[in-house]
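Peer 1: No letters, just coordinates:
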């Protein structure tokens, strides 16, 4: 309910609405409302409750000033469970009026409803599972969204969220790239058939064009369409930024910064922005972004690895080693250790880490193996693994341009050939 109301408010002209990731950081926590308002940089907060009794739904909502905690508006809605979507629309419109934002508040376009409460329940279960942000959550979400579409093939929101969950599985490297991205592409295209103006669906296609296809022209076209249709969506702006991050760093940083302005506690886009700053050589900014990622989520996958890589570029080798040792085994620890041990002269330890990495991840981390060989000065071996990464459609290969760990490869003519093969500028 909270997320649906948030999405509705975000589409009302005149309102700047903080995205779900940042807003939900405070869900269920008994924190001072003024402190929350300050952390999010907002003037007003909305809170409420949802209770279900049999086939009826009771929803309370209230608007609160973040300046002094005073209550500006409140209301209670008691409706049949099948009218949940109508209640959400009423809450959003009433909140807009309470804020005296009248433009668009009375003219919100009707949204497609679900065929039955049972179909809506499956959809909600999928949304809940997707919020786990791990393999089990994404896979469970995919199952629920597929069930929703079996019962209601015209549900554009189920089709869209199926594409989102499948794209997350692929982006996180939890399924083979060809399998994951092709399924996400088909689902995004299905969502566009139901709603050709879906910015999120165009954004998913833009990220697939970039990360998987290395089709930069199509990525640019889809990202422009995404931002045109949903210019105030933090998700759309983040996906568009990801689509440009291979080589158009200025544009990518602009879009990611715009996304973070709407959703400042979103770790994924902050990590992506930090990695762009790293490749630009703006190391203090890169370090600040990655430290913020770890403040938001101490277990965020590869964040310790990325921070260690930045610290190494800054010449802080011991600090870099500490970060790499904190990384999870499945998130790049051995890659980082092979690199850092080499940097501090512990060659045997570097060899051991690289051996483990190659033995355990030859089929799903060829790009990282290439990075380790390149940093160790083993140029021929690095190109062997880069070519494997190319054949495997490695999910990290799109970010090859400007990677400092590959510096030793740049004078080699094979490096220019490789960039040309990916249609990247030298």
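Peer 2: Received, thanks. What you are looking at is a predicted structure, and each value in this text was computed from that prediction instead of being measured.
Peer 1: CA atoms for contacts and neighbours, from now on please.
Peer 2: Fine.
Peer 1: Now do the strands in the stretch 1-150 of the chain.
Peer 2: Using DSSP state E, counting those that start in this stretch, the strands of the stretch 1-150 of the chain run over 44-53, 56-65, 71-80.
Peer 1: Show me what the last one is packed against.
Peer 2: Going back to what we said before, that points to strand 71-80. Other elements packing on strand 71-80 under the criterion 3 or more C-alpha pairs under 8 Å, 6 or more residues apart in numbering; DSSP states H and E are strand 56-65, helix 84-98.
Peer 1: Point out the most buried one among those.
Peer 2: When you average the neighbours per residue for each of the helices and strands packed on strand 71-80 (mean count of other C-alpha atoms under 10 Å), helix 84-98 leads with a mean of 19.
Peer 1: pLDDT below threshold where in the stretch 201-350 of the chain?
Peer 2: By pLDDT under 70, the stretch 201-350 of the chain contains no weakly predicted segment.
Peer 1: Let's see that with 90 instead.
Peer 2: Along the stretch 201-350 of the chain, segments meeting pLDDT under 90 span 232, 265-266, 296-301, 330.
Peer 1: Look up how far residue 167 lies from the most centrally placed residue in the chain.
Peer 2: Taking C-alpha atoms, centre = their mean, the centroid of the chain lies closest to residue 268, which sits 4.6 Å from it. Residue 268 sits 14 Å away from residue 167, taking C-alpha to C-alpha, to the nearest Å as the criterion.
Peer 1: Any chance of the helices and strands packed on strand 71-80 in a markdown table with mean pLDDT and distance to residue 30 as columns?
Peer 2: Listed next are these as a markdown table, based on pLDDT from 0 to 100; distance: least, C-alpha to C-alpha, whole Å:
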| stretch | mean pLDDT | distance to residue 30 |
| --- | --- | --- |
| strand 56-65 | 88 | 15 |
| helix 84-98 | 78 | 23 |
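Peer 1: need those in CSV with distance to residue 395, can you?
Peer 2: Output for these, formatted as CSV (distance: least, C-alpha to C-alpha, whole Å):
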stretch, distance to residue 395
strand 56-65, 43
helix 84-98, 38
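Peer 1: Show me the one of those that comes nearest residue 258.
Peer 2: Between residue 258 and the helices and strands packed on strand 71-80, the shortest gap by C-alpha to C-alpha is with helix 84-98, which sits at 23.1 Å.
Peer 1: Work out for me the element the residue lying farthest from the centre of the chain sits within.
Peer 2: Computed with C-alpha atoms, centre = their mean, the residue of the chain farthest from its C-alpha average is residue 348, at 37.3 Å. Using DSSP states H and E, the element containing residue 348 is helix 347-361.
Peer 1: Tell me which other helices or strands that helix touches.
Peer 2: Packed next to helix 347-361, using 3+ C-alpha pairs under 8 Å, 6+ apart, are helix 333-343, helix 366-375.
Peer 1: contacts for that helix?
Peer 2: With contact meaning C-alpha atoms under 8 Å, 6 or more residues apart in numbering, helix 347-361 is reached by 334, 335, 337, 338, 339, 340, 341, 342, 369, 372.
Peer 1: Mind listing what's buried along that helix?
Peer 2: Buried residues in helix 347-361, counted by 16 or more other C-alpha atoms under 10 Å: 347, 349, 350, 351, 353, 354, 357, 358.
Peer 1: do stretch 309-319 as well
Peer 2: Neighbour-count burial for stretch 309-319, with 16+ other C-alpha under 10 Å as criterion, is recorded at 309, 310, 311, 312, 313, 317, 318.
Peer 1: Likewise for stretch 40-60?
Peer 2: Those would be 40, 42, 44, 45, 46, 57, 58, 59, for stretch 40-60 by 16+ other C-alpha under 10 Å.
Peer 1: what would the residues you listed look like in a markdown table with distance to residue 416?
Peer 2: Compiled in a markdown table, the buried residues of stretch 40-60 are given as follows (distance: C-alpha to C-alpha, whole Å):
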| residue | distance to residue 416 |
| --- | --- |
| 40 | 44 |
| 42 | 48 |
| 44 | 53 |
| 45 | 52 |
| 46 | 53 |
| 57 | 62 |
| 58 | 63 |
| 59 | 60 |
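Peer 1: Domain ranges for the chain, per the record?
Peer 2: 2-111, 362-426 (automatic domain parsing).
Peer 1: For the stretch 251-400 of the chain, just list every one of the helices.
Peer 2: Using DSSP state H, counting those that start in this stretch, the helices of the stretch 251-400 of the chain run over 267-280, 283-296, 303-313, 317-326, 333-343, 347-361, 366-375, 379-392.
Peer 1: got the contact list for the third one?
Peer 2: Outside helix 303-313, the residues within contact range by C-alpha under 8 Å, 6+ apart are 271, 275, 278, 283, 286-287, 290-291, 293-294, 317, 319-324, 326-327, 331-333, 336, 340, 404.
Peer 1: Could you list the low-pLDDT ranges of the stretch 51-200 of the chain?
Peer 2: For the stretch 51-200 of the chain, the ranges with pLDDT under 90 are 51-63, 66-75, 77-121, 124, 127-128, 130-135, 172-173.
Peer 1: circling back: just so I know, which of the helices and strands packed on strand 71-80 lies nearest residue 161?
Peer 2: Of all these, helix 84-98 comes closest under C-alpha to C-alpha, at 17.2 Å.
Peer 1: that older thread, ok now do the residue nearest to the centre of the chain, which residues does it touch?
Peer 2: Contacts of residue 268 were listed using C-alpha under 8 Å, 6+ apart, and they are residue 293.
Peer 1: What of residue 331?
Peer 2: Contacts for residue 331 (C-alpha under 8 Å, 6+ apart) come out as 301, 302, 305.
Peer 1: how about JSON lines for those, with neighbour count and distance to residue 12 added?
Peer 2: As requested, these are exported to JSON lines (neighbours: other C-alpha atoms under 10 Å; distance: C-alpha to C-alpha, whole Å):
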{"residue": "301", "neighbour count": "17", "distance to residue 12": "35"}
{"residue": "302", "neighbour count": "20", "distance to residue 12": "37"}
{"residue": "305", "neighbour count": "27", "distance to residue 12": "40"}
